Structures are given as structure tokens and as C-alpha cells.
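Chemist: below: sequence and its predicted model.
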Amino acid sequence: MKYITTIEGKQFLVEIIDDRHVSVDGKVYEVDFESVSGQPVYSLIVDGKSHESYVARGDDNWQVLLRGRLYPITVEDERERRLRAAAGGGVAESGEFILKAPMPGLVVAIPVSEGQEVKKGQVLLILESMKMQNELKAPRDGIVQRIKVKAGESVEQKQTLLNVM
């Protein structure tokens, strides 16, 4: 099965060849991907290089935390893509974006304020989890509407942190 994976507006064609090989845009990688102790933390080895990532299913995408950076990722198989294209669906570049905690943790800092204009890629909140500080960034330009947490507050996975319009 082939999948169209979108990360930060860039699309990749991913094909799972077998349980140890994956093709990304035609380039084949040897991979080992295992959950650590049944948690949403994964050990990923790609062509002999080790990575640790946190992977969680969001409402309409996947949240992948890799090297301290959070990536919202959409994945659709070819059939889903064709159906969505036929229906005229697309990725919303406007409307409300709700930033949810990708994992339980402690809010370290919120370098934005309500009413502030933000640009795509700008840090909205710093969340500490598993002794790592993770910068959660704006997926697009907008204005911070409502901040629902405070620095020093503990949050649960999928808890709403703030809204951007």
C-alpha cells in the first residue's frame, strides 16, 4: 500500500515494502520501528541510525515528536486521496487551529499572548516531557485567540493548550 504523507506542507510518497523496508519517494530504507514498553514512545532505526520519537494520533492527523520538535503529519492512502480530491476537500489554511498537548507534561513557558499575531513555525508553547523541552510551533500564520494553560501547569495528553485563528 502506498501512502501520501504531508509534513509541513511537503508531500512524500511512502510505500511499506515489508516489515523491515520502506520506500520514501522511491528511495528504499532499512527500518526497525518498535514501541518502548507499550508506550507511545518508539525506537526507530533507519539505515543503522537510531532515533527516539513520540507518536500520537490527533483528531485529524498524527503528532510526531522527533529531536525535540513536534511535527503534525497527515497520512492518507491513495484511495482516500482520490476520494477527497473528487469531493473537493483540502487542507484548511484558515479557521481555528487548536493546539493540543501531544503528551502529558509540564508547561515550561508560553512565549506568546492572547491577541498576538504569530507566523508559521513560531514557538507557541514549550512543554517538558520525559526530561526534554519541546517547542510546539504554529502550523500556519494567525492570531492567538485564547490561552487555556499557564506556565508551571501540568497537562494531560490531548488537553487543549491554546487556539489560533
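Modeler: Okay, I see it. The structure presented is a predicted model; accordingly, all values stated were derived computationally and were not measured.
Chemist: domains of this protein?
Modeler: Using automatic domain parsing, the domains assigned to the chain come out as 2-87, 97-164.
Chemist: just these: most buried one?
Modeler: domain 97-164 (a mean of 16; mean count of other Cβ atoms under 10 Å). For every residue, glycine as well, the C-beta is placed using N, CA and C.
Chemist: lowest mean pLDDT among the helices and strands, pick that one out for the protein.
Modeler: Of all helical and strand segments in the chain, the minimum by mean pLDDT, DSSP states H and E falls on helix 78-87, at a mean of 62.
Chemist: off-centre distance for the next helix or strand after that one?
Modeler: Helices and strands here follow DSSP states H and E; after helix 78-87, the next one along the chain is strand 97-100. Here strand 97-100 is found 11 Å from its chain centre; the criterion is Cα atoms, centre = their mean, to the nearest Å.
Chemist: stretch 11-29 now?
Modeler: On Cα atoms, centre = their mean, the centre of stretch 11-29 falls 20 Å from that of its chain.
Chemist: between its first and last residues, how far does it reach?
Modeler: One end of stretch 11-29 to the other measures 17 Å (Cα to Cα, to the nearest Å).
Chemist: where among the domains of the chain is the average confidence lowest?
Modeler: Among the domains of the chain, domain 2-87 carries the lowest mean pLDDT, a mean of 85.
Chemist: which residues are contacting stretch 8-20?
Modeler: 1-6, 22-26, 28, 30-32, 71, 75, 139 (Cβ atoms under 8 Å, 6 or more residues apart in numbering).
Chemist: which of those fall in strands?
Modeler: 2-6, 22-24, 28, 30-32, 71, 75 (DSSP state E).
Chemist: quick one: which of the residues you listed is nearest K150?
Modeler: Y71 (25.6 Å; Cβ to Cβ).
Chemist: got the contact list for the residue lying closest to the closest one once chain neighbours are set aside?
Modeler: Once flanking residues are discounted, Y71 sits nearest to V64: 4.7 Å by Cβ to Cβ, 6 or more residues apart in numbering. V64 makes contact with S53, Y54, V55, L70, Y71, I73 under the criterion Cβ under 8 Å, 6+ apart.
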